[in-house]
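A.B. asks: The following comprises the amino acid sequence and a computationally predicted model.
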Amino acid sequence: MNIATWNVNSLKVRLPQLLDWLNSAQPDVVCLQETKLEDHAFPQQELIDAGYHVVFCGQKTYNGVAILSRTPLRDVQYGIPNFEDEQRRVIAATVGDESHAVRIVCVYIPNGQAVDSDKYPYKLRWLAALKAWLSTETQQHAKLALLGDYNIAPDDRDVHDPIAWAGQVLCTDAERDAFRALVALGLHDAFRLFEQPEKTFTWWDYRMLGFQKNRGLRIDHILLSAPLAEQCTGVTIERAMRKLERPSDHAPVVAHLR
DNA sequence: ATGCCTTCGCCTCGAAGA
């Protein structure tokens, strides 16, 4: 079973790439972020025709999340319970039958913009609400995967130029503490379960030849509860997707599970 | 660097992303 996450930066623009990738990579579950589509405009039929069940939660212009699965999705949760948020950033659902059920949580964590922006305290409040919800969710679902665009580089290893990024949004201590608080719920950063080459990233700035110079960040993550981490045989970052014409600025990340 | 790209919508400029 392969489970993946990809910030598409507009599903309208990226749908042809997504369909090609679904056909070639054959992932079992895909979490999407930044679909930027209202629900009435979601390309449901195209994805059904590609062999996927879909659940989605979007809005105009910004945000928007979705889960695709080759098997049916049930117990769908839209947004973080008991957390008022107009921004469509969370969708969760369960795949698999009772003995092999996996809870899939798809998140598009706020960017925060800058430490002195109002969006930064919103990001930290949002992360606290996510952790509070997942503390019960992880107790209820032994097999849980938290996938998405976290907008956090957890460690200096995840940053092309740690000195330039020191203290900047995506790299602050408070954001990294929030990431570690998610890990402390009993989750494991799938990428770090394995030896990895240095300077491996999932996002590269569109500007200044960011991808060509590998000036990137690792901000898209798959956290796995212990039983899933035990099943994980590897993680792939689909860098080739960043080389296509008109790419997303993020590459898909795939966790391979036994 | 108030810059660089790319997206969307109040659409040919501004806001936001990261």
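C.D. replies: Looks like it came in fine.
A.B. asks: Local confidence estimate at the residue in the stretch 51-200 of chain A that DNA strand B sits nearest to?
C.D. replies: At 3.4 Å from DNA strand B, residue A:111 is the closest residue in the stretch 51-200 of chain A, using Cβ to the nearest atom of the strand. The way it works is simple: take the backbone N, C-alpha and C, and place the C-beta from them, glycine included. Listed pLDDT for residue A:111 reads 97.
A.B. asks: Where does residue A:178 sit: helix, strand or coil?
C.D. replies: Put simply, residue A:178 is helix when judged by DSSP: H, G, I helix; E, B strand; the rest coil.
A.B. asks: my guess is it meets residue A:124, correct?
C.D. replies: Yes. With contact defined as Cβ atoms under 8 Å, residue A:178 counts as touching residue A:124 (6.7 Å).
A.B. asks: between those two, which one's more packed in?
C.D. replies: Set residue A:178 next to residue A:124 and count neighbours by other Cβ atoms under 10 Å: residue A:178 wins out with 21 against 16.
A.B. asks: That one - nearest residue in space that isn't next to it in sequence?
C.D. replies: Leaving aside its sequence neighbours, residue A:178 sits nearest to residue A:127 (Cβ to Cβ, 6 or more residues apart in numbering; 3.9 Å).
A.B. asks: how close does the one you found sit to residue A:199?
C.D. replies: Residue A:127 sits 26 Å away from residue A:199, going by Cβ to Cβ, to the nearest Å.
A.B. asks: go on, residue A:6?
C.D. replies: Plainly put, residue A:6 is 21 Å away from residue A:199 if you go by Cβ to Cβ.
A.B. asks: okay, those two: which has more neighbours?
C.D. replies: Comparing residue A:6 with residue A:199 by other Cβ under 10 Å, the one with more neighbours is residue A:6, at 29 against 13.
A.B. asks: Provide a list of residues in contact with the more buried one.
C.D. replies: If a contact means Cβ atoms under 8 Å, 6 or more residues apart in numbering, then residue A:6 has A:18, A:30-33, A:220, A:238, A:241, A:248, A:250-253 as its contacts.
A.B. asks: Just say helix, strand or coil for the residue nearest to residue A:74 when sequence neighbours are not counted.
C.D. replies: Nearest non-adjacent residue to residue A:74, counting by Cβ to Cβ, 6+ apart: residue A:94, 5.2 Å away. Here residue A:94 is recorded as strand under three-state DSSP.
A.B. asks: Kindly report the residues of chain A close to DNA strand B.
C.D. replies: Counting by Cβ under 7 Å from any atom of the strand, chain A comes close to DNA strand B at A:7, A:9-10, A:12-13, A:34, A:36, A:60-62, A:110-111, A:113-114, A:119, A:149, A:151, A:169-170, A:203, A:205-208, A:217, A:219, A:246, A:249-250.
A.B. asks: Restricted to buried residues, select the residues you listed in PyMOL.
C.D. replies: The buried residues among these can be selected in PyMOL (16 or more other Cβ atoms under 10 Å) with this line:
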select buried, chain A and resi 7+9+10+34+36+110+111+149+151+169+170+203+217+219+249+250
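A.B. asks: Keep only those of the residues of chain A next to DNA strand B that are in strands.
C.D. replies: A:7, A:149, A:203, A:217 (DSSP state E).
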